[in-house]
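1. Next input, structure requested:
(chains A and B)
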Amino acid sequence: MVVPALLESLRVWLPELVLSLGAMAAMLAAPTAVGAAAGRRAALATWAALLLAADALWQVQGLPSGAYFSGLITVDALGHLFRWLALGVIALVVLMVVSSSDVSRGWVGEYLGLLLCVGVGLMAMAQANHLLMAYLSIELVSLSSYALVALVRDARSSEAALKYLLFGALASGVMLFGMSLLYGMTGELSLPGLQGALRTLDASSAGALALALTLILAGLAFKISMVPFHMWTPDVYEGAPVPVAAMLSVGPKAAGLALLLRFAQALSPAWEALGPMLAVLTVLTMTLGNVVAVVQQNVKRLLAYSTIGQVGYLLIGLSVRTTVGLEAIFVYLVAYLFMNLGAFACVTAVCNESRDESLDAFRGLSRRAPALAALLTVFLLSLAGIPPLLGFLGKFLLFGSAIEASRVWLAVAGVVNSAIALYYYVNIIRQMYLLAPERAGVLQAAWPLRLAVGVCGLATVGLGLFPGSLLEWLRAVAAATRL
Amino acid sequence: MIPVTHLSLLSSALFCLGVYGILTRRNAIAILLSIELILNAAALNFVAFGRAFGHAQAQAFALFIIALAACEAAVGLAIVIGLYRTARTVWADQVNLLKG
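-> Next comes the predicted model:
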């Protein structure tokens, strides 16, 4: 009885299985050769794993939804969407890792292996159906990310890794304590079990329940850089290699939102008590991110604060909790994946050449690399929410969902913040087009970077102009997800 | 048999001690130790409530917490050693290159 069920579960989890094996293969392949050949072998193993995982993910699409691994994970449309997002993030970041000069050539195998581990963790986070699975997947992502940040041997990277580790371990410990309180009150560990048990919980334990939920929210808020748990974000992004910062800015944010959605759904009656607090934090998150980004001179810090601002927009969809809001979150996440990773890929190309992370490095880029400058402009305008790019569509839907749920003030806050954000995004564009270059010569990006930038640019413009089938798919996912 | 309320009081005390340690300690290793206290508070809760409910699942959860705490300590100490090699300090308030 147990073995067939386990085999069935493993079949559903074939993509995760392939990625885990790929992670081991990438780390073991590197020491079998020396120099550049080691990196090539690791990259080969990584690409094989990514392609096989994509194929497996395509195959398992038709399998019935439901709980697997004795209820530890759930397979549904929501989880499936976030598995694709995780795979997309990892694939694009791998392209950046193999060509970034921040990544020392001797460590490529470790970088790629740890990235695939993060991919498995992100997929597991999106499908967690049990408190244990939620905790394990968050820790898998966190521990691999700490190591990824720490792999560079310099003082800034070590400091970033230490800050990330201390904040992160504290956040997951606090979340774990909240989970243990929740278990003590209900006697249930699985999310569907919790949903049933919370309905029959008597009113006297409302205070303890609110405490437990707040502690759990704090742990998840850390992962998605929500105010007031955002302090680590700029320091870690500045100290980490650019591709790792790119991964941190999209992967854990998407998976953390998926997990938040699952918790909000399972703990539904009690979760509503957090509603007002969540709405206030949404506005604070976007305002703080965008206002502080205006004064940043380091491009990685700027993009870190911009990430906090973008998370604020995404949280609008979570705080309205309607099907339209859900669809808006999905559209914006897809847009955010392409435009933010595209922008980070352009930054990788510039930092590779100039070894300079300040905004000055972008001066006159339009004369030295016209195509790169044009595409970076597209990504930045999309992040700012200018039509007809994909970012505009996502923002439009998010603000629309706030108005539809008669929370006009959320939409107003979003629009005001978009105006502030336009200032610092356009400032980079001004540096690229209106100022004279600091150094001479043509900037030629490596081919993996050109591929990453091209794919992201094509998606940002193409899906922005022809969003029909994307919207159809995401609307179906939102309709299939219970609120 | 120790009543479950006593155990949950003990675990709350451990949790508060851990938070107090994180807020007051400046040595990175001492902060890591305080975080271990918080993890152990949660593990103790799972064990105590699991016994009260008669669930084996919660005991398994505690085992997972112990295993992951060990992983976290391993990665954490490696990071502290890396920090010592580059910055020659393990004091959290002396590492302040990144700000703004």
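2. give me the low-pLDDT residue ranges for chain B?
-> B:100 (pLDDT under 70).
3. Now do the contacts for the residue minimising distance to the centre of it.
-> Centroid-nearest residue in chain B: residue B:36, 2.0 Å away (criterion: C-alpha atoms, centre = their mean). Each residue near residue B:36 by C-beta atoms under 8 Å, 6 or more residues apart in numbering or on different chains is listed here: B:18, B:69, B:73. (Each C-beta comes from the backbone N, C-alpha and C, glycine too.)
4. my read: the second one touches residue B:38, true?
-> So the one you mean is residue B:69. No. The criterion here is C-beta atoms under 8 Å, and residue B:69 misses it with residue B:38 at 9.7 Å.
5. what's the distance between residue A:286 and residue A:356?
-> Separation of residue A:286 from residue A:356 (C-beta to C-beta, to the nearest Å): 29 Å.
6. Neighbour count for these two, which is higher?
-> Of the pair residue A:286 and residue A:356, residue A:286 is the one with more neighbours under other C-beta atoms under 10 Å in any protein chain shown, namely 28 against 15.
7. so which strand or helix has the residue nearest to the more buried one when sequence neighbours are not counted?
-> In space, and not counting its chain neighbours, residue A:286 is closest to residue A:312: 2.5 Å by C-beta to C-beta, 6 or more residues apart in numbering or on different chains. If you go by DSSP states H and E, residue A:312 is part of helix A:299-320.
8. Which positions in that helix come out as buried?
-> Residues of helix A:299-320 classed as buried by neighbour count (16 or more other C-beta atoms under 10 Å in any protein chain shown): A:299-320.
9. quick one: average pLDDT of the helix or strand that it is followed by?
-> Counting by DSSP H and E, the element after helix A:299-320 in chain order, helix or strand, is helix A:323-354. Averaged over helix A:323-354, pLDDT sits at 94.
10. Next: stretch A:173-187.
-> pLDDT averaged over stretch A:173-187 gives 94.
11. How about the contacts made by residue 84?
-> You didn't pick a chain, so chain A it is. Applying C-beta under 8 Å, 6+ apart to residue A:84 gives the contacts residue A:57.
12. switch to chain B, that's the one I care about
-> residue B:90.
13. which one of residue B:69 and residue B:38 has more residues nearby?
-> It is residue B:38, of residue B:69 and residue B:38, that has more neighbours when counted by other C-beta under 10 Å, with 26 against 22.
14. pretty sure the more buried one is touching residue B:13, no?
-> No. Using C-beta under 8 Å, residue B:38 makes no contact with residue B:13, being 11.7 Å away.
15. Where do the strands of chain B begin and end?
-> Counting by DSSP state E, chain B has no strands at all.
16. quick check: longest helix of it.
-> helix B:56-87 (DSSP state H).
17. list the buried ones in that helix?
-> Buried-residue list, helix B:56-87, by 16+ other C-beta under 10 Å: B:57-58, B:61-62, B:65, B:68-69, B:72-73, B:75-76, B:79-80, B:82-83, B:86-87.
18. Of these, which ones also sit close to chain A?
-> For chain A, the contacts drawn from the buried residues of helix B:56-87 by C-beta under 8 Å from any C-beta of the partner chain are B:57-58, B:61, B:65, B:68, B:72, B:75-76, B:79-80, B:82-83, B:86-87.
19. burial measure for residue A:341, as a count.
-> Using other C-beta under 10 Å, residue A:341 has 29 neighbouring residues.
20. Actually, residue A:212.
-> Counted by other C-beta under 10 Å, the residues lying close to residue A:212 total 23.
21. Let me see the contact set for the residue nearest to residue A:286.
-> Neighbour list for residue A:312: A:226, A:227, A:282, A:283, A:284, A:285, A:286, A:287, A:289, A:290, A:414, A:417 [criterion: C-beta under 8 Å, 6+ apart].
22. cool, and residue A:75?
-> With C-beta under 8 Å, 6+ apart, residue A:75 has these contacts: A:12, A:60, A:63, A:64, A:65, A:66, A:67, A:68, A:127.
23. For those, pick the one with the most neighbours.
-> residue A:127 (29 neighbours).
24. in what helix or strand does the residue nearest to that one when sequence neighbours are not counted lie?
-> Among residues not flanking residue A:127 along the chain, residue A:79 sits closest, at 4.0 Å (C-beta to C-beta, 6+ apart). Secondary structure assigned from DSSP H and E places residue A:79 in helix A:77-97.
25. Next, the angle helix A:323-354 makes with that helix.
-> Angle, helix A:77-97 to helix A:323-354, by axes from the mean of the first three to the mean of the last three C-alpha atoms, to 10 degrees: 10 degrees.
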